[in-house]
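Visitor: Requesting a structural model of the entry that follows:
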Amino acid sequence: MNVHFIAIGGSAMHNLALALNDKGYHVTGSDDEIFEPSRTRLENAGILPTSIGWDNSKIHTELDAVILGMHAREDNPELLKAKELDLPVFSYPEFLFEQTKDKTRVVVGGSHGKTTITSMILHVLNVLDINTDFMVGAILDGLKNSVKLESSTSIAIFEGDEYLSSPIDRRPKFHLYAPHVAIISGIAWDHMNVFPTFDFYVDQFRIFVQKIENGGCLIFCAEDPEVAKLAAEFNDVNTIPYGIPAYRIENGKTILETEEGDVPLQIFGQHNLMNMEAARLACAQIDVSSGQFYNAIQSFTGASRRLEKLTERSNFVAYRDFAHAPSKLQATTSATKEQFPDRQLIACMELHTFSSLNKEFLYQYEGAMDAADKAIVYFDPQVVAHKKLPAITIDDVKKAFNRPDLTVVNSGAEVEALLRAEDQHDQVWLLMSSGNFGGINVEDVIG
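Guide: Reported below is the predicted structural model:
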């Protein structure tokens, strides 16, 4: 097949391009900006565009498919040419479904935890040498890319993002996968720029459940009241609840207590243990036994930037996490304190997303960092302006978190100075952001 990518440089798009190139397809693409690591990865595969910018001469009748990324606009000249030639135009979730429509599809949805759950399933299948198609929002140890598509596989594991599919397809991505096995890990309002009310946001998960194939199942977190309420609406779907499995903590290590015996883990936190339960139940649906699962999951160290350990010394440890939504922020902070109750927890987070920088949404963060001994919040006023949001102040943030001793700064240099002032003795650092704290070198600060 001949496939052209409009906006090939995106995180998901370039990984799909690499997967199709590995499958033997002839892949071309365009973009008006391509950053690292996409640039080098595309170059190494021999499919980096020779020039930056849009070029409608790349669109021709020999193309079997055009895949449109979110970065492109509706008036993109290549898209207009594709429509003029009546070529098949897909969003990347549409194309993933097209590639896997004859396979058993496991789709992991939820406001938080979906990358981790998907990563756990893939880790176990990889350890067990079970070949599968997949799409996940992180690069995992032992896997070449974050997307894989092969002709010989019978199973596909997809992370089910609720954000929009493309500039011309306003459906959430996870509405397009038609799962046989669906997971919902939690529902907490996010992406308020496209889902302006909480009820409208919940509706997207309701539609996701409605898309489950006949005879399929919904694995859901019974600890989340919104998810439990939603699952109760569906009498015609096989629903499988999960919660927090039995565990204990010994010397800073979490040990799972199972019918198969004790299972020592390299991950920690109740939210991660619930993620693991979801992964175990999903694996059971594709004939992986609990014993096989527990043996394999012991070597799972986490997905990239999901409670990722940066360094550990005798009396100091530092983690980086992607947490930015209020519920995930609270869960990650509480989990870290539970794991290291005798150490001082320094938690630093960045307000970076559209929702988190919205003054109306900001109050969702009340109490989210209360488990930390010291809490620091960073935001960049220029990012607020770039997103065309009303300005917020340091005082606005302090009031929203409702923590009198909260330190709020709006420059990366201030974040660095505050962290360097800590002596690290008997401390745990938790650095939470979907951005980069104003460009500071976190590893250098940690030392």
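
Visitor: so where do the strands sit in the stretch 101-250 of the chain?
Guide: For the stretch 101-250 of the chain, applying DSSP state E, counting those that start in this stretch gives strands covering 104-109, 133-135, 147-148, 155-159, 164-166, 169-172, 181-184, 217-221, 238-242, 247-250.

Visitor: for the stretch 251-400 of the chain, same thing?
Guide: Under the criterion DSSP E, counting those that start in this stretch, the stretch 251-400 of the chain contains strands at 253-258, 261-264, 308-313, 316-321, 344-350, 374-378.

Visitor: okay if I get the ones you listed as a markdown table plus mean pLDDT, mean neighbour count and distance to L329?
Guide: Backbone N, C-alpha and C define where each C-beta goes, glycine included. Shown next, in a markdown table, are these (pLDDT from 0 to 100; neighbours: other CB atoms under 10 Å; distance: least, CB to CB, whole Å):
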| stretch | mean pLDDT | mean neighbour count | distance to L329 |
| --- | --- | --- | --- |
| strand 253-258 | 96 | 16 | 20 |
| strand 261-264 | 97 | 12 | 27 |
| strand 308-313 | 90 | 13 | 16 |
| strand 316-321 | 94 | 22 | 9 |
| strand 344-350 | 97 | 23 | 6 |
| strand 374-378 | 97 | 22 | 10 |
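
Visitor: Was I right to think I67 contacts H14?
Guide: No - the pair I67 and H14 does not pass the contact test of CB atoms under 8 Å, sitting 11.1 Å apart.

Visitor: which neighbours do the two share?
Guide: F5 (CB atoms under 8 Å, 6 or more residues apart in numbering).

Visitor: more neighbours, the two?
Guide: Between I67 and H14, counted using other CB atoms under 10 Å, H14 has the larger neighbour count: 28 against 25.

Visitor: coming back round to it: closest to D395 out of the strands of the stretch 101-250 of the chain?
Guide: With CB to CB as the measure, strand 164-166 is the member of those nearest D395 (33.6 Å).

Visitor: Return the list of strands paired to the closest one, each annotated with direction.
Guide: Strand partners for strand 164-166, identified by DSSP bridges, are recorded as strand 169-172 (antiparallel).

Visitor: any idea of the mean pLDDT for the partner strand?
Guide: Looking at strand 169-172 alone, the average pLDDT works out to 94.

Visitor: what about N238, how many neighbours?
Guide: Close neighbours of N238, defined as other CB under 10 Å, add up to 13.

Visitor: My error: substitute D75 in the last question.
Guide: By other CB under 10 Å, neighbour count at D75 equals 8.

Visitor: Could you measure from it over to T50?
Guide: Taking CB to CB, to the nearest Å as the measure, D75 and T50 are separated by 24 Å.

Visitor: before we move on, what about N44?
Guide: Using CB to CB, N44 is found at 15 Å from T50.

Visitor: higher neighbour count, the two?
Guide: When neighbours are counted by other CB under 10 Å, N44 comes out ahead of the other of N44 and T50, with 11 against 6.

Visitor: separation between the residue lying closest to M369 once chain neighbours are set aside and F361?
Guide: Nearest non-adjacent residue to M369, counting by CB to CB, 6 or more residues apart in numbering: A375, 4.1 Å away. As for A375, its distance to F361 is 19 Å (criterion: CB to CB).

Visitor: Could you do S119 as well?
Guide: As defined by CB to CB, S119 lies at a distance of 28 Å from F361.

Visitor: out of the two, which sits in the busier spot?
Guide: It is S119, of S119 and F361, that has more neighbours when counted by other CB under 10 Å, with 30 against 20.

Visitor: Low-confidence bits of the stretch 251-400 of the chain, can you list those?
Guide: Per-residue confidence for the stretch 251-400 of the chain (pLDDT under 70) gives these ranges: 304.

Visitor: need the helices for it, in chain order.
Guide: 270-285, 290-297, 326-339, 381-386, 394-401 (DSSP state H, counting those that start in this stretch).

Visitor: Redo those as CSV? Include mean neighbour count and distance to Q99.
Guide: Shown next, in CSV, are these (neighbours: other CB atoms under 10 Å; distance: least, CB to CB, whole Å):
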stretch, mean neighbour count, distance to Q99
helix 270-285, 23, 20
helix 290-297, 18, 26
helix 326-339, 22, 30
helix 381-386, 14, 35
helix 394-401, 17, 43
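
Visitor: Out of those, which gets nearest to L128?
Guide: Across these, L128 has its closest neighbour in helix 290-297 (6.0 Å, CB to CB).

Visitor: and that closest one, what does it pack onto?
Guide: The helices and strands touching helix 290-297, judged by 3 or more CB pairs under 8 Å, 6 or more residues apart in numbering; DSSP states H and E, are helix 114-127, strand 253-258, helix 270-285.

Visitor: quick one, the second one and helix 326-339 angle?
Guide: In this case it means strand 253-258. When axes from the mean of the first three to the mean of the last three CA atoms, to 10 degrees is applied, the directions of strand 253-258 and helix 326-339 differ by 100 degrees.

Visitor: neighbouring strands for strand 253-258, and are they parallel or not?
Guide: According to DSSP bridges, strand 253-258 has the following sheet partners: strand 247-250 (antiparallel), strand 261-264 (antiparallel).

Visitor: Give the next helix or strand downstream of whichever helix or strand G29 is part of.
Guide: Using DSSP states H and E, the secondary-structure element containing G29 is strand 26-30. Going down the chain from strand 26-30, the next helix or strand is helix 38-44, by DSSP H and E.

Visitor: who does that next one touch, helix- and strand-wise?
Guide: Going by 3+ CB pairs under 8 Å, 6+ apart, helix 38-44 lies up against helix 11-22.

Visitor: Can you give me the buried ones in the helix it packs on?
Guide: For helix 11-22, burial by neighbour count (16 or more other CB atoms under 10 Å) applies to A12, M13, H14, N15, L16, A17, L18, A19, L20, N21, D22.

Visitor: which non-adjacent residue is nearest L140?
Guide: In space, not counting the residues next to it along the chain, L140 is nearest to S119; the distance is 5.5 Å by CB to CB, 6+ apart.

Visitor: Tell me how far that neighbour lies from V106.
Guide: According to CB to CB, S119 stands 13 Å off from V106.

Visitor: next one: L80
Guide: Distance from L80 to V106, counting by CB to CB: 37 Å.

Visitor: do L406 as well
Guide: With the distance defined as CB to CB, L406 ends up 40 Å from V106.
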